[in-house]
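Engineer: how would this look folded up:
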Amino acid sequence: MSARQEELLGRSRPLWFQLYMIRDRGFMRDLLAKTQARGCSALVFTVDMPVPGSRYRDLRSGLAGVPGPIAGLRRFWQRLTHPRWA
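Structural biologist: Have a look, this model is predicted:
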C-alpha cells in the first residue's frame, strides 16, 4: 500500500472499501486485512467483463467480426471520404 493510501485510510474510519480484482492474491489478501483492521464494515468488488459485449454498430460498419470484401470496401471508402479521421 502506498504512503498516500495509508494516509487516506488513516484519516478516518472507512465505511466501505472498493476492491479491484487483480491477479496478485497475496497483495489483495494483505490489503483486505489492513482495511478490516481499520474497521471497514463493507466490501465492494469491482470486476470487468472477461468478454466484451456485442457492439452491433461495429459489426455493421465492418470494424468487428469476420472481415470480408464488403467491409474492406466500406473502410476504404470511408478513408477516401474522411481523410481527417486518419
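Engineer: please make it C-alpha for all contacts and neighbour counts, starting now.
Structural biologist: Fine.
Engineer: tell me which helix or strand comes right after the helix-or-strand element of the chain with minimal mean pLDDT.
Structural biologist: Sorting the helices and strands of the chain by mean pLDDT, DSSP states H and E puts helix 3-11 at the bottom, at a mean of 67. Moving toward the C-terminus from helix 3-11, the next helix or strand (DSSP states H and E) is strand 16-20.
Engineer: against Cys40, how distant is the residue nearest to the spatial centre of the chain?
Structural biologist: Nearest to the mean C-alpha position of the chain, by CA atoms, centre = their mean, lies Asp48 at 5.5 Å. Per CA to CA, to the nearest Å, Asp48 is found 23 Å from Cys40.
Engineer: likewise Tyr56?
Structural biologist: Going from Tyr56 to Cys40 by CA to CA gives 42 Å.
Engineer: which one of these two is surrounded by more residues?
Structural biologist: Cys40 (17 against 12; other CA atoms under 10 Å).
Engineer: verify the stated contact: the more buried one with Trp16.
Structural biologist: Yes. Between Cys40 and Trp16 there is a contact at 5.5 Å, judged by CA atoms under 8 Å.
Engineer: any residues in contact with both of the two?
Structural biologist: Overlap of the contact sets of Cys40 and Trp16 (by CA atoms under 8 Å, 6 or more residues apart in numbering) is empty.
Engineer: tell me what the helix or strand that contains Arg75 is packed against?
Structural biologist: Using DSSP H and E, Arg75 sits within helix 69-81. Under the contact definition 3 or more CA pairs under 8 Å, 6 or more residues apart in numbering; DSSP states H and E, helix 69-81 sits against helix 56-61.
Engineer: run the chain-centre distance for the helix it packs on.
Structural biologist: From the chain centre to the centre of helix 56-61 is a distance of 22 Å (CA atoms, centre = their mean, to the nearest Å).
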